[in-house]
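Engineer: okay, predicted coordinates and the sequence, questions at the end:
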Amino acid sequence: MSDIEPYESLSEDWQRALAVVAHPDDLEFGSAAAVARWTAQGKHVVYCLVTSGEAGIDGLAPDETKVLREAEQRASAGVVGVSEVEFLGLPDGILEYGVALRREITAVVRRHRPDIVITNNFRDTWDGADALNQADHIATGRATLDAVRDAGNRWIFPEQGLEPWNKVRQVWAAGSPNGRHAVDITGTFDRGLESLEAHEAYLRGLGEGAFDPEEFLEGIGRGAGTRLGTRYAAPFEVFTINLF
């Protein structure tokens, strides 16, 4: 008998989601197929990229990379039914958790007024052991979790001139090793793969033969699917929001 804990299904009784991640391609490494499922249900999803990923291609200068990666992210989002893509323009590779980052993300939450906020894994590792996470992911995820609470308190960052928003139900961290929930992406797996493949220049920059997008996504999707009882699934760690 297996001792692997089954996943619980994510709630889908919501209408608006905001995804806040550090870099172009972060959502495509596992979550884009879930977004495709939700937009097909008529839900509205907005992407917010904290950086433009300008430090992400070794052989290309940051100014050129920025333009290229923003264009690839918009095309990638379009594949899964997302038309609103916002870039905050903070520096790639050197994000710091703190008040400044919380302030930026709080404004985004207040503007878009989502029911659900999605972010990237912000645990120290990807596997709960020794596969280290990246510093920008950790800073962004932690700041997003705090910014959701900040957004609901009118006395935090009042200089923004934005109405508080305290109706975010949950924050979902994609790919967390502490995840206990998942969503079935069997029907939208191919769109998720196409969305990742839209990051053509970034993937090419990884080196010839260094990375197979389909193999990578299948590995994640099948493992999570086994725990959810489906062919493919996308896993998330769920945080229910308590404002005080």
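Structural biologist: It's in.

Engineer: can you pull out the strands in this protein?
Structural biologist: Taking DSSP state E as the test, the strands found in the chain are 8-9, 16-21, 44-49, 84-87, 116-120, 170-174, 181-184, 233-240.

Engineer: with mean pLDDT, mean neighbour count and distance to residue 37 as added columns, please give the ones you listed in CSV.
Structural biologist: Just so you know, the C-beta spots here come from the backbone N, C-alpha and C atoms, and that holds for glycine as well. Formatted as CSV, the strands of the chain follow (pLDDT from 0 to 100; neighbours: other CB atoms under 10 Å; distance: least, CB to CB, whole Å):
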stretch, mean pLDDT, mean neighbour count, distance to residue 37
strand 8-9, 98, 13, 12
strand 16-21, 98, 25, 12
strand 44-49, 98, 23, 10
strand 84-87, 98, 16, 18
strand 116-120, 97, 27, 13
strand 170-174, 98, 23, 13
strand 181-184, 98, 23, 7
strand 233-240, 98, 22, 9
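
Engineer: with distance to residue 134 as added columns, please give these in a markdown table.
Structural biologist: A markdown table is the format used below for the strands of the chain (distance: least, CB to CB, whole Å):
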| stretch | distance to residue 134 |
| --- | --- |
| strand 8-9 | 28 |
| strand 16-21 | 11 |
| strand 44-49 | 15 |
| strand 84-87 | 18 |
| strand 116-120 | 9 |
| strand 170-174 | 14 |
| strand 181-184 | 23 |
| strand 233-240 | 17 |
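
Engineer: in the helix-or-strand element of the chain with minimal mean pLDDT, what's buried?
Structural biologist: When the helices and strands of the chain are scored by mean pLDDT, DSSP states H and E, helix 200-205 comes last with a mean of 90. For helix 200-205, a neighbour-count test (16 or more other CB atoms under 10 Å) marks 201-203, 205 as buried.
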